[in-house]
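K.L.:
Any chance you can model this:
(2 chains)
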There are 2 protein chains.
Amino acid sequence: MRIANLAGRLVLLTSGGAVDVERASGQRFPADPHAVYARWDEFTAWAAGLPPATAEAFEEADLRAPSPTPAQVFGVGLNYRDHAAEAGLGLPDAPAVFTKFPSCLTGPTGEVALTGSTVDWEVELVAVIGRAARNVPAEHGWDHIAGLTAGQDLSDRAVQLAGPAPQFSLGKSAPGFGPTGPWLVTPGRVRRPRQPGAELRGQRRVRTEEPHPRAHLLRARARRAAVGDPAAAAR
Amino acid sequence: MRIANLAGRLVLLTSGGAVDVERASGQRFPADPHAVYARWDEFTAWAAGLPPATAEAFEEADLRAPSPTPAQVFGVGLNYRDHAAEAGLGLPDAPAVFTKFPSCLTGPTGEVALTGSTVDWEVELVAVIGRAARNVPAEHGWDHIAGLTAGQDLSDRAVQLAGPAPQFSLGKSAPGFGPTGPWLVTPGRVRRPRQPGAELRGQRRVRTEEPHPRAHLLRARARRAAVGDPAAAAR
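P.N.:
The predicted structure follows:
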């Protein structure tokens, strides 16, 4: 199943186009794309039984962030060997967890105003949480994921690395520094990128051939992941 | 003016007790304590003109977080000289900004389960944003603050300082690690702690005699502060 945020309205994507969820459900589900994650099991059950609905053509430029206002965003840094080495840092016992402040989130298209000459970017795999999670064993992590989407993690390296105790979050959170989309794909449709050799192909290839042994999307030590939260694998 | 979250309902506090906002406003404002910040100007104008209403006695143990589900939480670290020295760190050009993930927020009373033997805590001044802000000059920062409350910043130092690029946020975000309250006080009622010599007295005294010259609650470089966001001055 694929869902998207089409100009602020939740839609199901089919081969024929977009199905407006509020209208197709007779107002059972609201148009707000954020609201669906709190009722994820109910929503997916409804969507699975949906009779053929009239899908409409749409412009990809009208797609916005699939999870536009998450309660929390977890960025997972230093999460594989090559990346830690590239950053000139040792391999940690556990990945570094930071946030991208939600106000940086945006859709998959548009222009981003750079904040200076040290802005870098990386393609990311973004997991949106569909079932509240706390202290989840790694082997059950997928049970809490509504779906996956692509993201970019823009970072102003000068801000991110400034000072005697650099905190990544602010330098990664300027307006537009968190593009996501174009849609959310439920896990059943994705070859789960757990095994070595899985790759995410984007504008820049990110190799995950050497995943950190503890770089699970939902770490056992992770704090409660509220519904609608993206957990991004990021530097 | 003082407002509070009384067992999940927004109340005004008067000398006589608590006034339920939804009932006193004839449902003009909802009971949800979070919702008021998006209509802060309208709400304060209404509250200022409120005729004497029947206030009811309440138990302080029923008070919860004044801003229970903010879109973003900005923690400002290394924000005065003594504190940077205590942490064994130099004085940065700008304070380090981290987050406390919103799921750690709780009210002013209750028990907190410690995550280990290295949990520390500090009393904090918490400012809740009532008017969206981005790139606000320091001298206009107060215009965006709905009110102030007290907070505690619990930190698992082992988690906070782990690894080659320590990120503070996760170690500061275990369940219950963000007590706030008991109520929100609007700026007009507070001696503004801008000038050297101002102190916040709590279970532990935090001296602000040497404020960092750039440790404004809302920094000029700060990213957009969404309505309802607490900005806490914290290590």
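K.L.:
Every contact and neighbour count from this point should use C-alpha atoms.
P.N.:
Noted.
K.L.:
residues in contact with the closest residue to A:Asp20 other than its chain neighbours?
P.N.:
Setting aside the residues directly before and after it, A:Asp20 is nearest to A:Val11 in space (Cα to Cα, 6 or more residues apart in numbering or on different chains), at 4.6 Å. Going by Cα atoms under 8 Å, 6 or more residues apart in numbering or on different chains, A:Val11 touches A:3-5, A:18-21.
K.L.:
One more: A:Leu12?
P.N.:
Each residue near A:Leu12 by Cα under 8 Å, 6+ apart is listed here: A:1-4, A:18-21.
K.L.:
Now do the lengthiest helix in chain A: which elements does it pack against?
P.N.:
Determined from DSSP state H, the single longest helix within chain A is helix A:40-48. Helices and strands touching helix A:40-48, as assessed by 3 or more Cα pairs under 8 Å, 6 or more residues apart in numbering or on different chains; DSSP states H and E, are absent.
K.L.:
Can you show me the CA trace of it as PDB?
P.N.:
These are the backbone C-alpha positions of helix A:40-48, laid out as PDB (Å, rounded to 0.1, in the frame of the first residue of the first chain):
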ATOM      1  CA  TRP A  40      -3.000   2.900  11.700                       C
ATOM      2  CA  ASP A  41      -4.300  -0.600  12.300                       C
ATOM      3  CA  GLU A  42      -7.900   0.500  11.700                       C
ATOM      4  CA  PHE A  43      -6.900   2.400   8.600                       C
ATOM      5  CA  THR A  44      -4.900  -0.400   7.000                       C
ATOM      6  CA  ALA A  45      -7.800  -2.800   7.600                       C
ATOM      7  CA  TRP A  46     -10.200  -0.400   6.000                       C
ATOM      8  CA  ALA A  47      -7.900   0.200   3.100                       C
ATOM      9  CA  ALA A  48      -7.300  -3.500   2.400                       C
END
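K.L.:
What's opposite the residue nearest to A:Pro187 when sequence neighbours are not counted in the beta bridge?
P.N.:
Of all residues not flanking A:Pro187 in the chain, A:Gly147 sits nearest, at 5.4 Å (Cα to Cα, 6+ apart). A:Gly147 forms beta bridges with A:Val128, as assigned by DSSP bridges.
K.L.:
ok, so what distance separates A:Gly147 from B:Ala45?
P.N.:
Using Cα to Cα, to the nearest Å, one gets 43 Å for the distance from A:Gly147 to B:Ala45.
K.L.:
So the two - more neighbours on which side?
P.N.:
A:Gly147 (24 against 10; other Cα atoms under 10 Å in any protein chain shown).
K.L.:
I'd say the more buried one and A:Arg131 touch.
P.N.:
No: in this structure, A:Gly147 is not within contact of A:Arg131 by Cα atoms under 8 Å, at 10.9 Å.
K.L.:
Now render the contacts of A:Val11 as TSV, adding secondary structure.
P.N.:
Formatted as TSV, these follow (DSSP: H, G, I helix; E, B strand; the rest coil):
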residue	secondary structure
A:Ile3	strand
A:Ala4	strand
A:Asn5	strand
A:Ala18	strand
A:Val19	strand
A:Asp20	strand
A:Val21	helix
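K.L.:
now, which of those residues sits nearest chain B?
P.N.:
Within those, proximity to chain B (Cα to the nearest Cα) peaks at A:Asn5, which comes in at 19.4 Å.
K.L.:
before we move on, back to that, helix, strand or coil for the residue nearest to A:Asp20?
P.N.:
Going by three-state DSSP: A:Val11 is strand.
K.L.:
Which residues does it form beta bridges with?
P.N.:
Going by DSSP bridges, A:Val11 forms beta bridges with A:Ala4, A:Asp20.
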